[in-house]
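Peer 1: Attaching a predicted model along with its sequence, questions to come.
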Amino acid sequence: MNRDLTLHDVIVAGIAVAAGLIAALALRVILRWLGVRAARTKWGGDDIIVDVLRTLAPWSAVAAGVAAAAAALPLNHQVGHTVSQVLTACVMLNAAFTAARVVSGLVQSVAQSRSGVAASATIFVNITRIAVLAMGILVILQTLGISIAPLLTALGVGGLAIALALKDTLANLFAGVHILVSKTVQPGDYIRLSSGEEGYVRDINWRITVVEQLNNNLVIIPNAKLAGTNMTNFSRPEQKLSVTVQVGVSYDSDLEHVEQVTIEVAETVMKDVAGAVPDHEPAIRFHTFAESRIGFTVILGVGEFSDKYRIKHEFIKRLHQRYRTEGIRIPAPERTVSLRQAGEAAIPHPRTPMDAVTSVD
């Protein structure tokens, strides 16, 4: 347009921008109301649709208002084309960010449903978000008339230099992907490394694995180190596991009676204590004629690794009390000390019992 700017043009443009802003606010209110209603339904698809529209629709309304205002103003062809391209790029960029958030959210939901824990493997979420954003940016550049072929060529040539500079980071990235794809470790598993670190895996991201110890401290382990070390996973292939408690009784004990009493105590612990496996059948195996006792092992069942401390605690307390009631003695090691002076016979020292000790693995 070659005509001059008039007051009427300014008023029309202002009305268009205001209409776009009012429409955006109205859409936000409506979509917030729809989001509350969608959260009450069992189908998760409506939540995703509302979440997409909540971000995309208001900004599109603002862009439409600005575009209408630009059309009402006497702009020349070049300025109008530039404004149109900027608005198109803004809308497409908003759509790209929205798509990245939605797709990464879907990936996170799938990861959570398969691992069965609240924490997720953010390595897949981050890779998905970056991939969607990268494709969105390439589409925007192509839409604006910018050829992406030289850009792709430059990225291909520079990729080798970047890979060499970030070899440790890439090693951690591919190690994390390998760990998750092979399903040797998943978020929520309880693991113990050969170096001694142990705890619950809370997250596996593009560089590190976060392990939470039972004392709530976090251990940060590079993915490459986790993939290259010896590790025990106490949650796979089954989360339930057996725990052994070492006990010993005196030689004058009735072993049948000892076995019966111990089994009764173990069964009570399995039924009463949280974290135990109620349908687990405790077992006793006598195995050692020691110096002052007959040693045996009690096998208990626990729901997960961290429960074993509570199960052992309750079992030892109840077993000790029951043995005292039944008159079953847990002997202490005894030693005879002989004191001898020059030219005198050995003088036997009274045997002194040491404190009783029940060994627990």
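Peer 2: Yep, that arrived. Residues are numbered from 1 along each chain as shown.
Peer 1: From now on I want contacts and neighbour counts done on CA atoms only, so please keep to that.
Peer 2: Noted.
Peer 1: what helices or strands is the helix or strand harbouring Arg324 leaning on?
Peer 2: Using DSSP states H and E, Arg324 falls within helix 308-326. Applying 3 or more CA pairs under 8 Å, 6 or more residues apart in numbering; DSSP states H and E, we find helix 308-326 packed against helix 255-272.
Peer 1: tell me which residues in the helix it packs on are buried?
Peer 2: 258-259, 261-263, 265-267, 269-270 (16 or more other CA atoms under 10 Å).
Peer 1: what does stretch 331-340 give?
Peer 2: Applying 16+ other CA under 10 Å to stretch 331-340 flags 331-332 as buried.
Peer 1: hang on, the earlier thing: would you give the sheet partners of the helix or strand following the helix holding Arg324, along with the direction of each?
Peer 2: Where DSSP H and E defines the elements, the next helix or strand beyond helix 308-326 is strand 338-339. Neighbouring strands of strand 338-339 in its sheet, by DSSP bridges, are strand 347-348 (antiparallel).
Peer 1: which one of the buried residues of helix 255-272 is nearest His313?
Peer 2: Using CA to CA, Val269 comes nearest to His313 of these, at 10.2 Å.
Peer 1: Contacts only, for the closest residue to that closest one other than its chain neighbours.
Peer 2: Among residues not flanking Val269 along the chain, Phe315 sits closest, at 6.3 Å (CA to CA, 6 or more residues apart in numbering). With contact taken as CA atoms under 8 Å, 6 or more residues apart in numbering, Phe315 is in contact with 265-266, 269.
Peer 1: cool, Glu291 as well?
Peer 2: Counted by CA under 8 Å, 6+ apart, Glu291 has contacts Pro333.
Peer 1: how far away is it from Thr244?
Peer 2: 22 Å (CA to CA, to the nearest Å).
Peer 1: Over to Leu138?
Peer 2: 60 Å.
Peer 1: Now do the same for Ser113: its pLDDT.
Peer 2: If you check Ser113, the pLDDT there is 59.
Peer 1: what's the least confident helix or strand in the chain, going by average pLDDT?
Peer 2: The weakest-scoring helix or strand in the chain, judged by mean pLDDT, DSSP states H and E, is strand 347-348 (a mean of 52).
Peer 1: For this protein, which residues score under the pLDDT cut-off?
Peer 2: Across the chain, the ranges flagged by pLDDT under 70 are 1-5, 43-46, 108-124, 151-167, 336, 341-361.
Peer 1: Mind jotting down where the strands sit in it?
Peer 2: Taking DSSP state E as the test, the strands found in the chain are 190-193, 198-204, 208-212, 218-222, 231-233, 241-249, 283-289, 294-302, 338-339, 347-348.
Peer 1: who does the second one touch, helix- and strand-wise?
Peer 2: Counting by 3+ CA pairs under 8 Å, 6+ apart, the packing neighbours recorded for strand 198-204 are helix 122-143, strand 190-193, strand 208-212.
Peer 1: Need the buried residues of helix 255-272 in TSV (columns: distance to Gly145).
Peer 2: Below are these laid out as TSV (distance: CA to CA, whole Å):
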residue	distance to Gly145
Val258	87
Glu259	84
Val261	84
Thr262	81
Ile263	80
Val265	79
Ala266	76
Glu267	75
Val269	73
Met270	71
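Peer 1: between those residues, which is closest to Arg340?
Peer 2: Closest to Arg340, out of all of the buried residues of helix 255-272 and judged by CA to CA, is Val258, at 41.3 Å.
Peer 1: quick one: that closest one and Ile328 touch, right?
Peer 2: Yes. The criterion here is CA atoms under 8 Å, and Val258 meets it with Ile328 at 7.4 Å.
Peer 1: Go through the contacts of Phe315 and name the one nearest Tyr200.
Peer 2: Val269 (25.2 Å).
Peer 1: which residues does the closest one contact?
Peer 2: Contacts for Val269 (CA under 8 Å, 6+ apart) come out as 276, 311, 314-315.
Peer 1: any idea how far Val201 is from the nearest residue to Ala224 once chain neighbours are set aside?
Peer 2: Using CA to CA, 6+ apart and skipping residues adjacent in sequence, the residue nearest Ala224 is Asn172, 4.8 Å away. Distance check for Asn172 against Val201: by CA to CA, it reads 16 Å.
Peer 1: Equivalent analysis for Val247, please.
Peer 2: Distance from Val247 to Val201, by CA to CA: 33 Å.
Peer 1: now Asn233
Peer 2: 10 Å.
Peer 1: Please say which of those two ends up with more neighbours.
Peer 2: Neighbour count, other CA atoms under 10 Å: between Asn233 and Val201, Val201 has more, with 23 against 20.
Peer 1: Nearest spatial neighbour of that one, chain-adjacent residues omitted?
Peer 2: That would be Val211: by CA to CA, 6+ apart, it lies 4.5 Å from Val201.
Peer 1: what packs against the longest helix anywhere in the chain?
Peer 2: If you go by DSSP state H, the chain has its longest helix at helix 77-115. Here helix 77-115 touches helix 45-72, helix 122-143, going by 3+ CA pairs under 8 Å, 6+ apart.
Peer 1: and the closest residue to Leu34 other than its chain neighbours, how many neighbours does it have?
Peer 2: Leaving out its chain neighbours, the residue that sits closest to Leu34 by CA to CA, 6+ apart is Val50, at 7.0 Å. Other residues near Val50 come to 20 when the count uses other CA under 10 Å.
Peer 1: Looks like Val50 contacts Gly35 (just checking).
Peer 2: Yes. Using CA under 8 Å, Val50 is in contact with Gly35, at 6.0 Å.
Peer 1: How many residues are close by the residue lying closest to Pro222 once chain neighbours are set aside?
Peer 2: Excluding the flanking residues, the one nearest Pro222 by CA to CA, 6+ apart is Ile208, at 4.4 Å. Neighbour count for Ile208, taken as other CA under 10 Å: 22.
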